[in-house]
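Enquirer: coords below, sequence missing:
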């Protein structure tokens, strides 16, 4: 084959490092838009970005030329720098080192979009850590629970 073709839908989840510096509602939409521009700058296509005060969900099409780890690193690095310029409140803002990356079948794409869109409602019923562990179990990913969310106090 003379060309490389792919369409990889990826659901990315990552968490803030310090619960004392959560993402405030008034900056969330701007943060998500900024993250979308970082994703585009990395040859990928953002589909849906949303979250709650302590974590982010991103659904995107991953470029065939970019490793998932590199994309997440770029999103975190740039968005962390950006949010610190918004307000002194965010001076100590940081993302945790890890992330979850999950493949999404085209057959459940709309369901995944809706799930990400309804994060606020969803997290009234289920906490973040339990949600993430369900994803890990569903995908058969081995993990050490003590390292799932490492919050600084």
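Expert: Nice, I can see it. Fair warning: this is a prediction, and the values are worked out from it, not measured in the lab. Numbering: from 1, shown residues only.
Enquirer: Pass me the low-pLDDT residue ranges in the chain, would you?
Expert: Low-confidence segments of the chain (pLDDT under 70): 1, 149-153.
Enquirer: now the helices for it?
Expert: 25-41, 68-84, 109-117, 119-122, 128-138 (DSSP state H).
Enquirer: Point out the most buried one among those.
Expert: helix 68-84 (a mean of 17; mean count of other C-beta atoms under 10 Å). In short, each C-beta sits where N, CA and C put it, glycine included.
Enquirer: could the helices of the chain be laid out in JSON lines, adding distance to residue 61?
Expert: Converted to JSON lines, the helices of the chain look like this (distance: least, C-beta to C-beta, whole Å):
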{"stretch": "helix 25-41", "distance to residue 61": "9"}
{"stretch": "helix 68-84", "distance to residue 61": "11"}
{"stretch": "helix 109-117", "distance to residue 61": "10"}
{"stretch": "helix 119-122", "distance to residue 61": "20"}
{"stretch": "helix 128-138", "distance to residue 61": "19"}
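Enquirer: And residue 83, how far from residue 92?
Expert: 11 Å (C-beta to C-beta, to the nearest Å).
Enquirer: cool, residue 59 as well?
Expert: Counting by C-beta to C-beta, the separation of residue 59 from residue 92 is 29 Å.
Enquirer: of these two, who's got more company?
Expert: Shown here are residue 59 and residue 92; by other C-beta atoms under 10 Å, residue 59 has more neighbours (22 against 12).
Enquirer: ok, now how distant is the more buried one from residue 9?
Expert: Distance, residue 59 to residue 9, using C-beta to C-beta: 7 Å.
Enquirer: who touches both of the two?
Expert: Common contacts of residue 59 and residue 9, defined by C-beta atoms under 8 Å, 6 or more residues apart in numbering, comprise 47, 104, 109, 112.
Enquirer: Who does residue 60 form a beta bridge with?
Expert: When bridges are called by DSSP bridges, residue 60 pairs up with residue 10, residue 46.
Enquirer: That one: what's it in contact with?
Expert: 9, 10, 12, 39, 44, 45, 46, 47, 71.
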